[in-house]
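>>> The amino acid sequence is not available; the structure is as follows:
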């Protein structure tokens, strides 16, 4: 895979109305993400990380600016076209996966294809292949209640890959997991990026995982930084103890 720019954000601004005042969630953000990147967006709560993710994926229309995804200006699309584009080109990994508890794991992973009208046998065959890729094949016929949080998250990654998307998006994917399970999920993301050539964009509070990133994006008060700038220094200062451990 070439090192092409897969996502380009240009002067993104996002305002929210709060009564008679406005809250600036994004303050003119510009950044590029390459197809080979494992990008980690980090920063304190309320700095705009999730808003930035939602804007990139087409869920949150910016007040101004634009998002290009492989030269597709997603906010020039109709809402329906943007929704279809998001479903096929982005795989979303949620902090807490949503499952149909009456179904076994393989049918839950196959669900997006089944909803699209794919035949059950073909959809489940692809789901089985993906469960094998994430190390969950032996649980294919288990109920979700029989799986740990870490196992469910790995299965959630398999489901996010079911449409073979260009980009994998993860918003605090380890937030509800114990340390061991979180480490396993992060190793899986690294494998998908390095071996399977998946573009990954992840938001996290846990800076222990920053060394896994090929691109580190610090966020503070609606601004981003990738270098040793004021924004990055402010974020580093807030997490001084973690950064100290990282350098040891």
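Arrived safely. Just so we're clear, the structure is a prediction, and the values are computed from it rather than from any experiment.
>>> Now do the strands in this protein.
Secondary structure of the chain by DSSP state E: the strands cover 5-18, 21-34, 38-42, 64-69, 72-73, 90-93, 167-171, 199-204, 215-220, 223-225.
>>> Could you list the residues in contact with the fifth one?
The set of residues that contact strand 72-73 without belonging to it, under Cβ atoms under 8 Å, 6 or more residues apart in numbering, is 66-67, 85. For every residue, glycine as well, the C-beta is placed using N, CA and C.
>>> Whichever of those count as buried, I'd like them selected in PyMOL; how would that read?
Command for PyMOL that selects the buried part of these, burial taken from 16 or more other Cβ atoms under 10 Å:
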select buried, resi 67+85
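>>> would you list the contacts of strand 72-73 in JSON lines and tack on pLDDT?
Converted to JSON lines, the contacts of strand 72-73 look like this (pLDDT from 0 to 100):
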{"residue": "66", "pLDDT": "95"}
{"residue": "67", "pLDDT": "97"}
{"residue": "85", "pLDDT": "96"}
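>>> Tell me the one among the contacts of strand 72-73 nearest to residue 127.
Checking the contacts of strand 72-73 against residue 127 by Cβ to Cβ gives residue 85 as the nearest, at 22.7 Å.
>>> show me the residues around the closest one that make contact.
Contacts of residue 85 by Cβ under 8 Å, 6+ apart are 58, 69, 72, 74, 77.
>>> Pull out the buried members of those.
Here, 16+ other Cβ under 10 Å leaves 58, 69, 74 buried among the contacts of residue 85.
>>> one step back: among the strands of the chain, which comes closest to residue 186?
strand 199-204 (8.9 Å).
>>> What pairs with that closest one, parallel or antiparallel?
Counting by DSSP bridges, the strands paired with strand 199-204 are strand 38-42 (parallel), strand 167-171 (parallel).
>>> relative to strand 5-18, how tilted is it?
Counting by axes from the mean of the first three to the mean of the last three Cα atoms, to 10 degrees, strand 199-204 points 30 degrees away from the direction of strand 5-18.
>>> low-scoring stretches of the protein, by residue?
Residue ranges of the chain with pLDDT under 70: 1-2, 227-248.
>>> what about the longest helix in it?
helix 179-194 (DSSP state H).
>>> buried set for that one?
Residues of helix 179-194 classed as buried: 181-182, 184-186, 188-190, 192-193 (neighbour count, 16+ other Cβ under 10 Å).
>>> Tell me which residues are up against that helix.
Residues from elsewhere that reach helix 179-194 (Cβ under 8 Å, 6+ apart): 36-38, 134-135, 148-151, 153-154, 157, 161, 168, 170, 173-174, 177, 198-200, 202, 206, 209, 212, 214.
>>> 6 Å instead, please
38, 134, 150, 153, 174, 198, 200, 209, 212 (Cβ atoms under 6 Å, 6 or more residues apart in numbering).
>>> Could you count how many residues lie near the third one?
By the other Cβ atoms under 10 Å criterion, the neighbourhood of residue 150 contains 19 residues.
>>> check contacts around the residue lying closest to residue 172 once chain neighbours are set aside.
Spatial nearest neighbour of residue 172, chain neighbours left out: residue 95 (4.6 Å); criterion: Cβ to Cβ, 6 or more residues apart in numbering. Shown in contact with residue 95 (Cβ under 6 Å, 6+ apart): 172, 175-176.
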